[in-house]
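Student: I'll drop the sequence and a predicted model, then ask my questions.
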Amino acid sequence: MAEKGTLLVTGGAGYIGSHTVRHLLEMGEKIVVLDNLVFGHPEALPSDRVSLVEGDMSDAALLDRLFAEHKPEAVLHFAAFAYVGESVTDPLKYYRNNLAAPLVLLETMQRHGCRRFIFSSTCATYGNPVKVPMNEEHPQAPVNPYGASKWMLERVLKDCDHAWGLKAVFLRYFNASGCDPSGEIGEDHDPETHLIPRILMAATGEIPEISIFGTDYPTPDGTCIRDYIHVCDLAAAHAKALDYLRQGGDTTPVNLGTGRGFSVKEILETAAAVTGRQIPISYGPRREGDPPELICDPAKAKTVLGWEAQFKDPRSHIEHAWRWMTGTRQGRYPRS
Ligand code: UDP
């Protein structure tokens, strides 16, 4: 096996990036984080153990210096915008940040001979499911610019493999949730749109209520079903993907989920039990673009990466997120 080198983590100060950095440090990896801190939080990283370079991946001169100094062996690429609704109203922002900016990163990798790439992709590259659970052969027909920007970058990565031997794993996440069980780092988006943190914000009174988006879906209780994957499980999958590439693995997509789906109502009931609070609920219309059911077939992750989710029950995700929300930071990093 090749010797371990430095890892470059773009977007390493963000939610999934910072949890992955924490996991990789526990595995003894050496890490440089590149983050423009638009959405990232430096406090999510242990400053004594990680070099944080504040800057943008579209800054070619900065990247050249960074690659010359640190000679990264592989890149884990998290930096991206991820608000589906905003991507519909401002598509160019998404294509610029999620597609064009990484081209500069890839050009730098090519120049410096760095040929391993782990890409934060998404089940949104599939679009509306034609069957569930969804495996990697499911047709890719994204229904919004966010999903399209990720899908297009997958295509770019395949072409780079063909042209100059870049090896990439496209990790297609389902619904990331939870946080480190310590509650020391967590999810802090502004604005926060995701179901579990919003339910917990309603539980603390930070928002007046949680609105359920649609109760007339063709599901047993009428609300949408999603496959919630714990962020620490995602972090572990990145380490496995790195092993896979280090062992000479070929470019390939891998879905990351548990294989089990839970409805919005089930998540709400679990959150009420975990928090012991009355959670104010309102019933709203369907949110545009939400398919009734998204469930991952995680078989390939097991066979190819040797990875399987450990936190299969979303109760643990909610418990950990509640610890973060009610801990010293109250679910928020300092604002600059
Ligand atoms: N959802 C909801 N109320 C909210 C936020 C989300 O009912 O305030 C629903 C949403 O319609 C979807 C599920 O919860 O069915 C998960 O949504 P989230 O935004 O967390 O993730 P997504 O599935 O969009 O990636």
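Tutor: Received, thanks. Residues are numbered from 1 along each chain as shown.

Student: C-alpha only now, for contacts and for neighbours.
Tutor: Will do.

Student: tell me, how many neighbours does Thr328 end up with?
Tutor: Residue neighbour count, defined by other C-alpha atoms under 10 Å, stands at 11 for Thr328.

Student: isn't there a helix covering it?
Tutor: No. Judged by DSSP: H, G, I helix; E, B strand; the rest coil, Thr328 forms no part of a helix; its state is coil.

Student: for the residue lying farthest from the centre of the chain, what are its contacts?
Tutor: Ranked by distance from the centre of the chain (C-alpha atoms, centre = their mean), the top residue is Gln278, with 29.8 Å. Residues in contact with Gln278, defined by C-alpha atoms under 8 Å, 6 or more residues apart in numbering, are Ala203, Ala272.

Student: which residues of the stretch 101-250 of the chain lie near the ligand?
Tutor: Asn175, Thr193, His194, Leu195, Arg198, Ile210, Ser211, Ile212, Phe213, Cys224 (C-alpha under 6 Å from any ligand atom).

Student: contacts for the strand or helix carrying the fifth one, please.
Tutor: Just to be clear, that refers to Arg198. Using DSSP states H and E, Arg198 sits in helix 195-204. Contact with helix 195-204 is made by 177, 187, 192, 207-210, 264, 267-268, 271, 275, 277-280, 318, 321-322, 325, as judged by C-alpha under 8 Å, 6+ apart.

Student: pLDDT weak spots in the chain?
Tutor: Scanning the chain for pLDDT under 70 picks out 1-3, 336.

Student: just the ones of the contacts of helix 195-204 in strands?
Tutor: Ser177, Ile210 (DSSP state E).

Student: drop anything exposed from the contacts of helix 195-204.
Tutor: With burial judged by 16 or more other C-alpha atoms under 10 Å, the buried subset of the contacts of helix 195-204 is 177, 187, 209-210, 264, 267-268, 271, 275, 279, 318, 321-322, 325.

Student: nearest to Arg65, of those residues?
Tutor: Nearest to Arg65 out of these is Glu187 (C-alpha to C-alpha; 31.1 Å).

Student: just checking, that closest one touches Arg329?
Tutor: No. Glu187 is not in contact with Arg329 according to C-alpha atoms under 8 Å; the separation is 11.2 Å.

Student: any idea which helix is longest in this protein?
Tutor: Counting by DSSP state H, the longest helix found in the chain is helix 145-164.

Student: what residues of that helix count as buried?
Tutor: 145-154, 156-158, 160-161.

Student: cool, stretch 237-253 as well?
Tutor: Neighbour-count burial for stretch 237-253 [16+ other C-alpha under 10 Å]: 237-246, 249, 251, 253.

Student: start and end of it, how far apart?
Tutor: End-to-end distance of stretch 237-253 (C-alpha to C-alpha, to the nearest Å): 12 Å.
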